[in-house]
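>>> sequence below, structure please.
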Amino acid sequence: MLVVIPAALSLMAPWLSAYDPNEVDLSRRLRPPSAQHWFGTDEVGRDLFARVLDGGRRSIGAALAVVLLAGPVGTVLGGLCGWFGGRVDLWLMRAMDVVLAFPGLVLALALATALGTGLLGAVLAVAFVRVPVYVRLVRVQVLSLREREYVQAAVAAGGHTRHVLRHHLIPNSLPAVLVQATFDMGNAMLLTATLSFLGLGVRAPAAEWGAMVSGGRVYLLDQWWYASFPGAAILMTAMGFNLMGDALRDRLDPHRQAVSVSSSPLDRGSDGSLQRLVERRP
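Numbers count the residues shown, from 1 in each chain. Below you'll find the predicted structure:
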(Lines give C-alpha, C1' and ligand atoms only; values in the text may rest on other atoms or scores of the structure.)
Protein backbone atom coordinates (compact mmCIF):
# COMPACT_ATOMS: atom_id res chain seq x y z
CA MET A 1 0.00 0.00 0.00
CA LEU A 2 2.91 2.36 0.66
CA VAL A 3 3.82 2.04 -3.02
CA VAL A 4 0.41 1.62 -4.62
CA ILE A 5 -1.17 4.68 -3.01
CA PRO A 6 1.51 7.25 -4.03
CA ALA A 7 1.76 5.76 -7.51
CA ALA A 8 -2.01 5.77 -8.02
CA LEU A 9 -2.39 9.30 -6.68
CA SER A 10 0.40 10.54 -8.93
CA LEU A 11 -1.18 8.98 -12.00
CA MET A 12 -4.52 10.59 -11.16
CA ALA A 13 -2.97 13.97 -10.28
CA PRO A 14 -4.82 16.02 -12.95
CA TRP A 15 -8.19 14.83 -11.62
CA LEU A 16 -7.49 14.96 -7.89
CA SER A 17 -6.41 18.59 -7.54
CA ALA A 18 -8.39 21.69 -8.45
CA TYR A 19 -5.22 23.73 -8.95
CA ASP A 20 -2.59 23.82 -11.64
CA PRO A 21 0.71 22.69 -10.05
CA ASN A 22 2.58 25.51 -11.82
CA GLU A 23 0.01 28.29 -11.31
CA VAL A 24 1.64 31.28 -9.57
CA ASP A 25 -0.48 33.47 -7.27
CA LEU A 26 1.50 35.72 -4.93
CA SER A 27 -1.66 36.65 -3.01
CA ARG A 28 -1.71 33.17 -1.43
CA ARG A 29 2.03 32.96 -0.77
CA LEU A 30 3.17 30.52 1.97
CA ARG A 31 -0.28 29.74 3.31
CA PRO A 32 -0.49 26.90 5.87
CA PRO A 33 -2.51 23.73 5.22
CA SER A 34 -6.23 24.45 5.08
CA ALA A 35 -9.44 23.24 3.51
CA GLN A 36 -8.57 25.09 0.30
CA HIS A 37 -4.92 24.06 0.17
CA TRP A 38 -4.49 20.71 1.89
CA PHE A 39 -0.68 20.86 1.94
CA GLY A 40 -0.40 24.65 2.01
CA THR A 41 1.31 26.78 -0.65
CA ASP A 42 4.91 27.61 -1.55
CA GLU A 43 6.78 30.89 -1.82
CA VAL A 44 5.02 31.91 -5.05
CA GLY A 45 1.55 30.70 -4.10
CA ARG A 46 1.52 27.37 -5.90
CA ASP A 47 -0.63 24.65 -4.34
CA LEU A 48 1.66 22.08 -2.71
CA PHE A 49 -0.87 19.25 -2.84
CA ALA A 50 -1.05 19.59 -6.61
CA ARG A 51 2.73 19.82 -6.84
CA VAL A 52 3.33 16.77 -4.64
CA LEU A 53 0.98 14.71 -6.80
CA ASP A 54 2.53 16.03 -10.00
CA GLY A 55 6.06 15.55 -8.66
CA GLY A 56 5.35 11.93 -7.82
CA ARG A 57 5.10 11.09 -11.50
CA ARG A 58 8.64 12.37 -12.01
CA SER A 59 10.14 10.91 -8.83
CA ILE A 60 8.63 7.44 -9.18
CA GLY A 61 9.01 7.53 -12.96
CA ALA A 62 12.70 8.41 -12.66
CA ALA A 63 13.27 5.50 -10.26
CA LEU A 64 11.46 3.14 -12.64
CA ALA A 65 13.55 4.42 -15.57
CA VAL A 66 16.76 3.81 -13.63
CA VAL A 67 15.80 0.21 -12.90
CA LEU A 68 14.67 -0.42 -16.50
CA LEU A 69 18.01 0.88 -17.76
CA ALA A 70 20.40 -0.61 -15.21
CA GLY A 71 18.64 -3.96 -14.79
CA PRO A 72 18.75 -5.28 -18.38
CA VAL A 73 22.25 -3.92 -19.07
CA GLY A 74 23.63 -5.38 -15.85
CA THR A 75 21.84 -8.69 -16.43
CA VAL A 76 23.33 -9.13 -19.90
CA LEU A 77 26.85 -8.15 -18.82
CA GLY A 78 26.65 -10.38 -15.75
CA GLY A 79 25.48 -13.30 -17.86
CA LEU A 80 28.38 -12.86 -20.27
CA CYS A 81 30.87 -12.65 -17.40
CA GLY A 82 29.58 -15.78 -15.73
CA TRP A 83 29.30 -17.82 -18.89
CA PHE A 84 32.51 -17.00 -20.75
CA GLY A 85 34.85 -16.41 -17.81
CA GLY A 86 38.48 -15.85 -18.70
CA ARG A 87 39.47 -12.46 -20.04
CA VAL A 88 35.88 -11.37 -20.64
CA ASP A 89 35.08 -11.94 -16.98
CA LEU A 90 38.36 -10.40 -15.84
CA TRP A 91 38.09 -7.14 -17.76
CA LEU A 92 34.38 -6.60 -17.24
CA MET A 93 34.58 -7.27 -13.52
CA ARG A 94 37.60 -4.99 -13.12
CA ALA A 95 35.60 -2.26 -14.86
CA MET A 96 32.72 -2.86 -12.45
CA ASP A 97 35.14 -2.73 -9.51
CA VAL A 98 36.35 0.67 -10.68
CA VAL A 99 32.77 1.96 -10.71
CA LEU A 100 32.06 0.47 -7.28
CA ALA A 101 35.25 2.00 -5.88
CA PHE A 102 33.59 5.43 -5.96
CA PRO A 103 30.77 6.35 -3.57
CA GLY A 104 27.53 6.08 -5.52
CA LEU A 105 26.30 9.57 -4.79
CA VAL A 106 29.66 11.18 -5.61
CA LEU A 107 29.93 9.36 -8.94
CA ALA A 108 26.31 10.11 -9.84
CA LEU A 109 26.87 13.76 -8.95
CA ALA A 110 29.92 13.96 -11.21
CA LEU A 111 28.16 12.25 -14.11
CA ALA A 112 25.02 14.36 -13.75
CA THR A 113 27.17 17.50 -13.78
CA ALA A 114 28.91 16.34 -16.96
CA LEU A 115 25.61 15.43 -18.65
CA GLY A 116 24.00 18.75 -17.74
CA THR A 117 21.07 19.79 -15.62
CA GLY A 118 17.89 17.85 -16.28
CA LEU A 119 16.01 14.78 -15.15
CA LEU A 120 17.31 12.72 -18.08
CA GLY A 121 20.91 13.36 -17.09
CA ALA A 122 20.14 12.44 -13.47
CA VAL A 123 18.46 9.19 -14.54
CA LEU A 124 21.39 8.20 -16.77
CA ALA A 125 23.90 9.01 -14.05
CA VAL A 126 22.09 6.96 -11.41
CA ALA A 127 21.54 4.07 -13.84
CA PHE A 128 25.27 3.97 -14.61
CA VAL A 129 26.04 3.79 -10.91
CA ARG A 130 23.60 0.91 -10.33
CA VAL A 131 24.68 -1.30 -13.27
CA PRO A 132 27.56 -3.04 -11.38
CA VAL A 133 25.12 -4.26 -8.72
CA TYR A 134 23.21 -6.30 -11.31
CA VAL A 135 26.41 -7.45 -13.03
CA ARG A 136 27.81 -8.97 -9.86
CA LEU A 137 24.46 -10.48 -8.88
CA VAL A 138 23.79 -12.18 -12.21
CA ARG A 139 27.40 -13.32 -12.57
CA VAL A 140 27.15 -15.24 -9.31
CA GLN A 141 23.83 -16.76 -10.41
CA VAL A 142 25.24 -17.86 -13.78
CA LEU A 143 28.39 -19.34 -12.23
CA SER A 144 26.13 -21.56 -10.14
CA LEU A 145 23.59 -22.37 -12.84
CA ARG A 146 26.05 -23.32 -15.58
CA GLU A 147 27.03 -26.43 -13.61
CA ARG A 148 23.45 -27.73 -13.52
CA GLU A 149 22.54 -30.83 -15.48
CA TYR A 150 20.02 -29.18 -17.78
CA VAL A 151 22.58 -26.55 -18.83
CA GLN A 152 25.21 -29.21 -19.47
CA ALA A 153 22.66 -31.15 -21.51
CA ALA A 154 21.82 -28.06 -23.58
CA VAL A 155 25.52 -27.52 -24.32
CA ALA A 156 26.03 -31.20 -25.18
CA ALA A 157 23.08 -31.00 -27.57
CA GLY A 158 24.85 -28.23 -29.48
CA GLY A 159 23.04 -25.25 -27.99
CA HIS A 160 24.50 -21.90 -29.00
CA THR A 161 25.70 -19.49 -26.32
CA ARG A 162 22.82 -17.13 -27.09
CA HIS A 163 20.33 -19.97 -26.72
CA VAL A 164 21.76 -21.15 -23.40
CA LEU A 165 21.84 -17.64 -21.96
CA ARG A 166 18.40 -16.69 -23.25
CA HIS A 167 16.51 -19.86 -22.39
CA HIS A 168 18.33 -21.30 -19.37
CA LEU A 169 20.69 -19.00 -17.50
CA ILE A 170 19.07 -15.55 -17.67
CA PRO A 171 15.48 -16.72 -16.96
CA ASN A 172 16.61 -18.66 -13.87
CA SER A 173 18.48 -15.58 -12.63
CA LEU A 174 15.44 -13.32 -12.91
CA PRO A 175 13.98 -13.97 -9.42
CA ALA A 176 17.12 -12.56 -7.80
CA VAL A 177 17.16 -9.69 -10.30
CA LEU A 178 13.51 -8.91 -9.58
CA VAL A 179 14.17 -8.70 -5.84
CA GLN A 180 17.18 -6.46 -6.40
CA ALA A 181 15.19 -4.26 -8.77
CA THR A 182 12.50 -3.76 -6.14
CA PHE A 183 15.09 -2.67 -3.60
CA ASP A 184 16.72 -0.47 -6.22
CA MET A 185 13.49 1.44 -6.86
CA GLY A 186 13.79 2.99 -3.42
CA ASN A 187 17.53 3.60 -3.76
CA ALA A 188 17.17 5.10 -7.22
CA MET A 189 14.39 7.40 -6.07
CA LEU A 190 16.53 8.63 -3.17
CA LEU A 191 19.52 9.24 -5.45
CA THR A 192 17.54 11.10 -8.10
CA ALA A 193 15.81 13.14 -5.38
CA THR A 194 19.23 13.99 -3.95
CA LEU A 195 20.47 15.16 -7.34
CA SER A 196 17.34 17.29 -7.73
CA PHE A 197 17.89 18.64 -4.22
CA LEU A 198 21.37 19.72 -5.32
CA GLY A 199 20.02 21.39 -8.44
CA LEU A 200 20.99 18.71 -10.97
CA GLY A 201 17.56 17.19 -11.53
CA VAL A 202 14.40 18.68 -12.96
CA ARG A 203 14.33 22.22 -14.27
CA ALA A 204 11.98 24.78 -12.73
CA PRO A 205 9.04 25.12 -12.62
CA ALA A 206 8.53 21.35 -12.96
CA ALA A 207 7.67 19.64 -9.67
CA GLU A 208 9.81 16.86 -8.22
CA TRP A 209 9.98 15.74 -4.60
CA GLY A 210 13.71 16.31 -4.12
CA ALA A 211 13.58 19.74 -5.73
CA MET A 212 10.58 20.66 -3.55
CA VAL A 213 12.46 19.70 -0.39
CA SER A 214 15.36 21.83 -1.58
CA GLY A 215 13.07 24.81 -2.14
CA GLY A 216 11.38 24.40 1.23
CA ARG A 217 14.50 24.01 3.38
CA VAL A 218 14.85 27.81 3.59
CA TYR A 219 11.37 28.11 5.14
CA LEU A 220 11.55 24.99 7.31
CA LEU A 221 11.47 26.75 10.69
CA ASP A 222 8.44 28.94 10.02
CA GLN A 223 6.66 27.23 7.11
CA TRP A 224 7.21 23.57 8.04
CA TRP A 225 4.72 22.20 5.54
CA TYR A 226 6.71 23.28 2.49
CA ALA A 227 9.47 20.67 2.84
CA SER A 228 7.65 18.23 5.12
CA PHE A 229 5.03 16.89 2.72
CA PRO A 230 7.34 16.09 -0.22
CA GLY A 231 9.88 14.70 2.25
CA ALA A 232 7.21 12.46 3.76
CA ALA A 233 6.28 11.28 0.26
CA ILE A 234 9.89 10.29 -0.41
CA LEU A 235 10.14 8.48 2.93
CA MET A 236 6.87 6.60 2.54
CA THR A 237 7.49 5.49 -1.04
CA ALA A 238 11.11 4.44 -0.50
CA MET A 239 10.09 2.47 2.59
CA GLY A 240 7.30 0.84 0.62
CA PHE A 241 9.70 -0.38 -2.06
CA ASN A 242 12.07 -1.77 0.58
CA LEU A 243 9.24 -3.64 2.28
CA MET A 244 8.09 -4.95 -1.08
CA GLY A 245 11.62 -6.19 -1.76
CA ASP A 246 11.67 -8.01 1.58
CA ALA A 247 8.35 -9.67 0.79
CA LEU A 248 9.51 -10.76 -2.68
CA ARG A 249 12.77 -12.12 -1.28
CA ASP A 250 10.89 -14.21 1.25
CA ARG A 251 8.52 -15.45 -1.42
CA LEU A 252 11.07 -16.25 -4.13
CA ASP A 253 13.97 -17.57 -2.04
CA PRO A 254 13.67 -21.39 -1.93
CA HIS A 255 16.17 -21.66 0.95
CA ARG A 256 14.01 -19.52 3.21
CA GLN A 257 10.97 -21.58 2.29
CA ALA A 258 12.83 -24.79 3.09
CA VAL A 259 13.86 -23.46 6.49
CA SER A 260 10.32 -22.37 7.31
CA VAL A 261 8.91 -25.76 6.28
CA SER A 262 11.51 -27.81 8.15
CA SER A 263 11.04 -25.75 11.32
CA SER A 264 7.24 -26.04 11.40
CA PRO A 265 5.62 -27.64 14.49
CA LEU A 266 4.60 -30.73 12.49
CA ASP A 267 8.25 -31.65 11.97
CA ARG A 268 9.18 -31.47 15.65
CA GLY A 269 9.20 -34.30 18.14
CA SER A 270 7.67 -34.29 21.57
CA ASP A 271 10.96 -32.97 23.02
CA GLY A 272 10.97 -30.03 20.62
CA SER A 273 13.88 -31.30 18.46
CA LEU A 274 13.59 -31.53 14.69
CA GLN A 275 12.82 -34.96 13.34
CA ARG A 276 14.50 -36.31 10.23
CA LEU A 277 12.52 -35.73 7.04
CA VAL A 278 13.82 -38.94 5.44
CA GLU A 279 13.25 -42.23 7.23
CA ARG A 280 16.13 -44.65 7.45
CA ARG A 281 15.57 -47.96 5.77
CA PRO A 282 16.64 -51.08 7.68
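
>>> mind listing what the nearest residue to residue 29 once chain neighbours are set aside touches?
Closest residue in space to residue 29, ignoring its immediate chain neighbours: residue 45 at 4.8 Å, by CB to CB, 6 or more residues apart in numbering. In this view, the C-beta of every residue, glycine as well, is placed from N, C-alpha and C. Neighbouring residues of residue 45 by CB atoms under 8 Å, 6 or more residues apart in numbering: 23-29, 31.

>>> any stretches of the chain with poor pLDDT?
1, 158-161, 253-282 (pLDDT under 70).

>>> could you list the buried residues of the helix or strand residue 109 falls within?
Here residue 109, judged by DSSP states H and E, is contained in helix 104-115. For helix 104-115, the buried set under the neighbour-count rule, 16 or more other CB atoms under 10 Å, comprises 104, 107-109, 111-112, 115.

>>> what's the answer for stretch 246-254, then?
248-249.

>>> which stretches in the stretch 1-150 of the chain count as helices?
Applying DSSP state H, counting those that start in this stretch to the stretch 1-150 of the chain gives helices spanning 4-11, 13-16, 48-84, 86-101, 104-115, 119-145, 149-156.

>>> hmm, who's touching the fourth one?
By CB under 8 Å, 6+ apart, the list of residues contacting helix 86-101 from outside reads 77, 80-82, 107, 128-129, 131-132, 135-136, 139.

>>> switch to 7 Å and redo it
77, 80-81, 132, 135-136 (CB atoms under 7 Å, 6 or more residues apart in numbering).

>>> what's the most distant pair in those?
Largest separation among those by CB to CB: 80 and 132, giving 13.9 Å.

>>> neighbour count winner among the two?
Using other CB atoms under 10 Å as the criterion, residue 80 and residue 132 rank with residue 132 on top: 23 against 19.

>>> for the more buried one, give me its contacts.
Residues counted as contacts of residue 132 (CB under 7 Å, 6+ apart) are 96, 99-100.

>>> got it, and residue 237?
Residue 237 makes contacts with 2-3, 6, 60, 189, as judged by CB under 7 Å, 6+ apart.

>>> buried sites along whatever helix or strand it lives in?
Assigned by DSSP H and E, residue 237 belongs to helix 225-252. Neighbour counts over helix 225-252 (16+ other CB under 10 Å) mark 225-231, 233-234, 237-238, 240-242, 244-245, 248-249 as buried.

>>> dump the contacts of residue 237 to a markdown table, plus neighbour count and distance to residue 168.
What follows is those, written out as a markdown table (neighbours: other CB atoms under 10 Å; distance: CB to CB, whole Å):
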| residue | neighbour count | distance to residue 168 |
| --- | --- | --- |
| 2 | 16 | 36 |
| 3 | 20 | 32 |
| 6 | 21 | 38 |
| 60 | 23 | 34 |
| 189 | 26 | 33 |
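
>>> many thanks, we can stop here.
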